[in-house]
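Undergrad: Output the structure for:
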Amino acid sequence: MGNYIPCLSREPAAVPQKKVVLIGLMGCGKSTVGKSLAEALGTAFADSDAEIVKREGIPVPEIFEKRGEPEFRRIERETIRDILAGEGLGSTGVVATGGGAFMDPTTRETLKSSGAAVVFLRVELDVLVDRCEAAGVEGRPLLRDGARPALEKLMKARYPTYSEATIIVDNDGGPETLGNLVNEIISRIEHLS
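TA: Just a heads-up that it's a prediction; the model follows:
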């Protein structure tokens with residue numbers, strides 16, 4: 001889903017002022033769906049990993065390498081908390097998190113207690129492998145020993161926890177299905193209230 005395709009023609013949705021947080025494995029489309037969803041909702045989009053890079057001045061893999069995963073998770077928790085705390089016109093309404101963020105119990109509780117709609121973008125293994133290999137695995141340390149075995153292991157470890165999300169949607173389609181997926185998410189959020 002590398003190409004950005006706006007969602008189907010629609011006025012900004014009259015969704016309650018609820019933040020939307022997208023979770024899922026790498027390659028599930030969090031950034032692509034997030035940008036389109038934010039546009040449809042008339043709000044701003046933030047990618048927590050990109051925000052971490054801005055704050056720290058170094059890429060995420062380098063933070064892991066130089067400071068370790070516990071320090072990265074602390075930075076990630078603070079970054080997500082700060083994004084969610086933003087208020088007012090133009091504040092971030094849609095957030096894409098890193099794949100491991102929801103696995104952290106503190107971050108998971110922060111997301112749940114914030115009142116945000118947490119949306120799990122579920123994708124089948126073959127689709128994830130194709131997307132990750134097409135995008136290149138160089139910047140994804142977890143995939144350096146092969147995308148399929150690594151993603152299969154991550155699915156088994158993470159999908160049960162991801163399933164605690166407020167909303168679960170399947171995102172196995174290509175770019176041509178993006179508009180329908182965004183509309184499905186908006187419809188499901190509207191029915192939460």
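
Undergrad: in this structure, which spans are helices?
TA: Assigned by DSSP state H, the chain shows helices spanning 30-41, 48-56, 60-67, 69-85, 105-113, 125-135, 147-162, 178-190.

Undergrad: Redo these as CSV? Include mean pLDDT, distance to residue 18 and mean neighbour count.
TA: Just so you know, the C-beta spots here come from the backbone N, C-alpha and C atoms, and that holds for glycine as well. Listed next are the helices of the chain as CSV, based on pLDDT from 0 to 100; distance: least, Cβ to Cβ, whole Å; neighbours: other Cβ atoms under 10 Å:
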stretch, mean pLDDT, distance to residue 18, mean neighbour count
helix 30-41, 95, 10, 23
helix 48-56, 94, 18, 17
helix 60-67, 90, 27, 15
helix 69-85, 92, 11, 17
helix 105-113, 93, 12, 16
helix 125-135, 90, 28, 17
helix 147-162, 95, 19, 16
helix 178-190, 94, 6, 18
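
Undergrad: right, and residue 114 touches residue 82 too?
TA: No: Residue 114 lies out of contact with residue 82 (Cβ atoms under 8 Å); the separation is 11.6 Å.

Undergrad: Mutual contacts of these two, please.
TA: Shared contacts of residue 114 and residue 82 (Cβ atoms under 8 Å, 6 or more residues apart in numbering): none.

Undergrad: got JSON lines for the helices of the chain, with distance to residue 171 too?
TA: As requested, the helices of the chain are exported to JSON lines (distance: least, Cβ to Cβ, whole Å):
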{"stretch": "helix 30-41", "distance to residue 171": "7"}
{"stretch": "helix 48-56", "distance to residue 171": "18"}
{"stretch": "helix 60-67", "distance to residue 171": "22"}
{"stretch": "helix 69-85", "distance to residue 171": "21"}
{"stretch": "helix 105-113", "distance to residue 171": "19"}
{"stretch": "helix 125-135", "distance to residue 171": "8"}
{"stretch": "helix 147-162", "distance to residue 171": "12"}
{"stretch": "helix 178-190", "distance to residue 171": "6"}
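
Undergrad: Noted, bye for now.
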